[in-house]
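Novice: any chance you can model this:
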Amino acid sequence: MSTTTPHPPESEGQAPATPPAQADPPPRTARLIQNEATTEIPVHLLFRDEPLPSTVALAPAVVGRRQGTGEQPRLRRPAVTKARLVPQVDPALVERPARVLPGAVGVLAGVCGPAGCAVTSWWAGELPSLVTRALRLPSYAGAGLGPAQWAAYAGAVALGLFGFGGLARGRTGRAWVLGLFGRYRGTVRRTGLMWVNPLVLRRRVDVRLRHWRSEPMPAVDGNGVALRVVVLVVWRVRDTARATLGVDDHETYLRECVEAALVRVPVELPGTARGSVDAAGETLTRLVTADAAPVGLEVFSVQPVRVDYAPEVAAAMTRRRIAALDAQQRATVLSSVVDSVEDTVTRLTMRGLVELDDYERTALVKDLTVAFCSGRGETAS
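Specialist: Have a look, this model is predicted:
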């Protein structure tokens, strides 16, 4: 049995319509999504699991979507990092040893000065006869005081002044920083008698291990409550050139570094949090060491030795601590009383000493609680 497809009736006198030739469909344009904050992205690319072709590039500030979710790209905000500024000192300003001579050289030059004056006086015939006979010098009429004799006098005096004027004594734990006409000439760490050019400027620096106990400095705890902290700083001068010439006063600079670190580090009262004081000391040591290193200071330890409330909040915080301790003590006493009452009632009923109904049990608990609380109060007082 065959099925026939019905055809529409053809009108009389009209040729049957021929089907038109099938033309190529128009090219399908890709639909686009455009956003104010993103670039134009073809719709069909949003639902692809393959990576984007190289011809489609997003802006550098756009984060790629998650594959297959159709999620619109999001803008990436560049992370803003604030670099901490570190104090810089002239890199050429580094400690180096200075050139000095042994002290015997200065003593010899200083002695040669008076001896040269005596010889010049004998040469000029100005030396008294008594001195001549005492020194057993040969008799000499003398040439008188002329330009040559005056030049010899000047040379002898200058030699004596330079010899004795350049003598210096070096001590253990102290150093000399030398400068000539505003220029750093070196550091002397030698001990004993030595000769240093008398024209240079000498600055004595203590290079021993030193400790400094500060005055009460402002600080805060973890809750922002004002405190007064006394810290103990153990330090020494490592680079004498930078400590002396790189900063106006290295001791004042160290004090300011400690005060600035206390502002950034929260300090807790001893006993409030276990290990809080040690953690604050380690953080303070790290910060002060980083700030003091560029100026030639070596910091070994910065530890809080006394922490108190600031005067403006001391009274209020003392009352608060007393109230907290009182509440803690009351809670402890109440817990102890409840445990004692429970233990007493349990023992009485478990051993069959008494038989209690709900009303009698409530009355017994009430009486025992009052009795135990009264006894604890009398004991505490």
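
Novice: could you pull out the strands for the stretch 251-381 of the chain?
Specialist: 297-309 (DSSP state E, counting those that start in this stretch).

Novice: so what's residue 37 scoring on pLDDT?
Specialist: Looking at residue 37, its pLDDT is 49.

Novice: let's number from 830 now, not from 1
Specialist: Shifting the count to begin at 830 puts that one at residue 866.

Novice: name the helices or strands packed onto the helix or strand hosting residue 949?
Specialist: Using DSSP states H and E, the element containing residue 949 is helix 932-953. Where contact means 3 or more CB pairs under 8 Å, 6 or more residues apart in numbering; DSSP states H and E, helix 932-953 is packed against helix 976-994, strand 996-999, strand 1021-1024. Where C-beta positions appear, they are placed from N, C-alpha and C, glycine not excepted.

Novice: so for it, what gets flagged as buried?
Specialist: 932, 935, 938-939, 941-942, 945-946, 949-953 (16 or more other CB atoms under 10 Å).

Novice: turn these into a markdown table, columns for distance to residue 1028 and pLDDT.
Specialist: What follows is those, written out as a markdown table (distance: CB to CB, whole Å; pLDDT from 0 to 100):
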| residue | distance to residue 1028 | pLDDT |
| --- | --- | --- |
| 932 | 18 | 91 |
| 935 | 14 | 91 |
| 938 | 15 | 92 |
| 939 | 16 | 91 |
| 941 | 19 | 92 |
| 942 | 17 | 91 |
| 945 | 21 | 88 |
| 946 | 22 | 86 |
| 949 | 25 | 83 |
| 950 | 28 | 81 |
| 951 | 31 | 75 |
| 952 | 30 | 78 |
| 953 | 30 | 78 |
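
Novice: ok, those residues vs residue 1048, which is closest?
Specialist: residue 932 (50.4 Å; CB to CB).

Novice: verify the stated contact: that closest one with residue 1025.
Specialist: No. With contact defined as CB atoms under 8 Å, residue 932 does not reach residue 1025; the gap is 9.8 Å.

Novice: quick check: longest helix in this protein by residues?
Specialist: Secondary structure of the chain per DSSP state H: the longest helix is helix 1140-1179.

Novice: can you give me the helices for this structure?
Specialist: Secondary structure of the chain (DSSP H): helices at 932-953, 958-964, 976-994, 1069-1074, 1079-1093, 1105-1121, 1140-1179, 1187-1209.

Novice: the fifth one - contacts with which helices or strands?
Specialist: When contacts are defined as 3+ CB pairs under 8 Å, 6+ apart, helix 1079-1093 sits against strand 1039-1042, strand 1046-1049, strand 1055-1066, helix 1105-1121, strand 1126-1138.
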